[in-house]
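Q: predicted coordinates and the sequence they were generated for:
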Amino acid sequence: MDLFKVYKLWDIEPVRGLDTTLWDKDGTQYTDLYGGHAVISIGHCHPHYIKVVGEQLGRLGFYSNAVQNSLQKELASRLGRTSGYDDYSLFLCNSGAEANENALKLASFDTGRARVLAFSKAFHGRTSGAVGVTDNPKIRSPFNANANVSFVALNDIEATARALESREYAAVIVEGIQGVSGIHEPTDAFLQELRRLCDRTGTRLIADEIQSGYGRTGQFFAHQHAPVRADIVTTAKGMANGFPIGGVLIAPDFKAEYGMLGTTFGGNHLACSAAIAVLDVIESEHLVENAARVGEVFRKGLVKSPALKEYRGRGLMIGLELEPGYEGLRDRLLFEKRFFTGAAGASVIRLLPSLTVSEETAHRFIKAWNELTKI
């Protein structure tokens, strides 16, 4: 049996990591400025993370949600306090797509409505409901087509208002910053008006913070820059530094009913210990502040590059849209300068490094960028 070939793979196999450094099986060293799609939030193989998860594995790795699990309660308390959503409830699951599925379901249960408003270029996951609110027909099969979903342009408040004033929508779902499409931000004014529209029309506001959350933008959640408060917040990628987990933060006016949500693996002992260890490190090493500080180093060093059509994003969620003729720059950064980066199509490079990334590393990347773009 072979693998089902749905990924385009570089001929590189990382076998070891430490903070923002990776080594492949041949011993070649790379600097990781992508964190495996923004998953590695506290660096590879952080010693505190290894200690906490290893000790938990030695006690108990898994039991189901049919029994008490104090680690879940500790995680909920810690996450609420750190994020500023301490009066909310937490439902734990396994991934960002699953978090969004449950958020959409909750909004529909709560309002009794079926429709959802989403935004152009959105990405919310690959499971049925999540891909239904994702604006990418290439990954949405005929089975996933959903007549209950409408799309409007991000930051178009007039079109958003026209849709929501119908009072047909259970929810509007918006990313704190759109990631997969190439780092596109809702403006603060748009998010503030969106919050007012949802309040007026009885629509639930879902903030998808799966990629943009967990301190990446210099606030714990990106929508807190506005600042607004969502009814439901979804999170996953940076939550446990590579261990699969997702979370749904739920406003206190939602009514929980037995059996309305459920999961087999969600909130298991290992996942919770990993997520608690991540919060330990984020707090003790002041990583939200580091994300804002080092993000500013990247911005100041890159924003005037002649290779750059536009610099987008906040903190350590960065989109670099290239001028024509620089489409091969990502491969050159990897194979000539040994920097892992992400992409959105051929013309946008994405930087999503660990929140532990240093100013020195940012300056090394800027130097490599300038050498390759002949400044």
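A: It's in.
Q: shouldn't Cys198 be in contact with Leu205?
A: Yes - counting by Cβ atoms under 8 Å, Cys198 does reach Leu205; the two are 4.4 Å apart. Heads up, the C-betas are built off the backbone N, CA and C, glycines and all.
Q: between those two, which contacts overlap?
A: Common contacts of Cys198 and Leu205, defined by Cβ atoms under 8 Å, 6 or more residues apart in numbering, comprise 172, 231.
Q: middle-most residue in this structure, spatially?
A: In the chain, the residue lying closest to the centroid (Cα atoms, centre = their mean) is Gln211, at 1.0 Å.
Q: pLDDT score assigned to that residue?
A: On pLDDT, Gln211 comes in at 98.
Q: hang on, it packs against Lys237?
A: Yes - if you go by Cβ under 8 Å, Gln211 and Lys237 touch, sitting 5.5 Å apart.
Q: mutual contacts of those two, please.
A: Residues touching both Gln211 and Lys237 (Cβ under 8 Å, 6+ apart) are 37-38, 96.
Q: who does Thr235 bridge with?
A: Gly247 (DSSP bridges).
Q: may I see the buried residues of stretch 177-192?
A: Residues 177-186, 190-191 are the ones in stretch 177-192 that count as buried (16 or more other Cβ atoms under 10 Å).
Q: quick one: the strands in the stretch 251-375 of the chain?
A: Secondary structure of the stretch 251-375 of the chain, counting by DSSP state E, counting those that start in this stretch: strands at 308-314, 317-322, 339-340, 342-344, 348-351.
Q: do you know which of these lies nearest Ala256?
A: Proximity to Ala256 (Cβ to Cβ) singles out strand 317-322 among those, at 32.1 Å.
Q: what is the rounded mean pLDDT of that closest one?
A: Mean pLDDT, strand 317-322: 98.
Q: neighbouring contacts of that strand?
A: Counting by Cβ under 8 Å, 6+ apart, 38, 177, 179, 182-184, 211-212, 216-217, 222, 295, 298-299, 302, 307-313, 329, 344, 347-352 sit against strand 317-322.
Q: could you flag which of these are buried?
A: By neighbour count, with 16+ other Cβ under 10 Å, the contacts of strand 317-322 hold 38, 177, 179, 182-184, 211-212, 216-217, 222, 295, 298, 302, 307-308, 311-313, 329, 344, 347-352 as buried.
Q: surely Val174 forms part of a strand?
A: Yes - applying DSSP: H, G, I helix; E, B strand; the rest coil, one finds Val174 inside a strand.
Q: isn't it right up against Pro186?
A: Yes - if you go by Cβ under 8 Å, Val174 and Pro186 touch, sitting 5.9 Å apart.
Q: can you tell me, leaving aside adjacent residues, what's nearest to Gly313?
A: Using Cβ to Cβ, 6 or more residues apart in numbering and skipping the chain neighbours, the partner closest in space to Gly313 is Ile183 (4.5 Å).
Q: find me the pLDDT at the one you found, would you?
A: Predicted confidence (pLDDT) at Ile183: the value is 97.
Q: contact partners for it?
A: Residues counted as contacts of Ile183 (Cβ under 8 Å, 6+ apart) are 177, 312-313, 317-319, 344, 348, 350.
Q: any chance of those in JSON lines, plus distance to Glu359?
A: Conversion of the contacts of Ile183 to JSON lines gives the following (distance: Cβ to Cβ, whole Å):
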{"residue": "Ile177", "distance to Glu359": "22"}
{"residue": "Arg312", "distance to Glu359": "21"}
{"residue": "Gly313", "distance to Glu359": "18"}
{"residue": "Met317", "distance to Glu359": "17"}
{"residue": "Ile318", "distance to Glu359": "15"}
{"residue": "Gly319", "distance to Glu359": "20"}
{"residue": "Ala344", "distance to Glu359": "26"}
{"residue": "Val348", "distance to Glu359": "24"}
{"residue": "Arg350", "distance to Glu359": "20"}
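Q: phi first, then psi, for Leu33.
A: phi -110, psi 20 (degrees, to the nearest 10).
Q: could you pull out the helices for the stretch 1-150 of the chain?
A: Secondary structure of the stretch 1-150 of the chain (DSSP state H, counting those that start in this stretch): helices located at 35-38, 47-59, 70-83, 96-111, 128-132.
Q: from those helices, which stretch is densest packed?
A: helix 96-111 (a mean of 24; mean count of other Cβ atoms under 10 Å).
Q: what is the rounded mean pLDDT of it?
A: 98.
Q: CA atoms only for it - export them in CSV, please.
A: Extracted as CSV, the C-alpha positions of helix 96-111 are listed here (Å, rounded to 0.1, in the frame of the first residue of the first chain):
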residue,chain,number,x,y,z
GLY,A,96,-9.9,23.5,13.8
ALA,A,97,-12.4,22.1,11.3
GLU,A,98,-14.1,20.2,14.1
ALA,A,99,-14.2,23.4,16.2
ASN,A,100,-15.9,25.3,13.4
GLU,A,101,-18.4,22.5,12.8
ASN,A,102,-19.4,22.7,16.5
ALA,A,103,-19.5,26.4,16.5
LEU,A,104,-21.9,26.5,13.5
LYS,A,105,-24.0,23.8,15.1
LEU,A,106,-24.2,25.7,18.3
ALA,A,107,-25.3,28.9,16.6
SER,A,108,-28.0,27.0,14.7
PHE,A,109,-29.3,25.3,17.9
ASP,A,110,-29.3,28.6,19.7
THR,A,111,-31.1,30.7,17.1
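Q: helices or strands up against it?
A: strand 89-93, helix 128-132, strand 169-175, strand 204-208, strand 232-235, strand 246-250 (3 or more Cβ pairs under 8 Å, 6 or more residues apart in numbering; DSSP states H and E).
Q: and the angle from that helix to strand 169-175?
A: Put simply, helix 96-111 runs at 150 degrees to strand 169-175, going by axes from the mean of the first three to the mean of the last three Cα atoms, to 10 degrees.
Q: tell me which residues are up against stretch 143-153.
A: The contact list for stretch 143-153, computed with Cβ under 8 Å, 6+ apart, reads 114-120, 122, 128-129, 131-133, 135, 159-160, 163.
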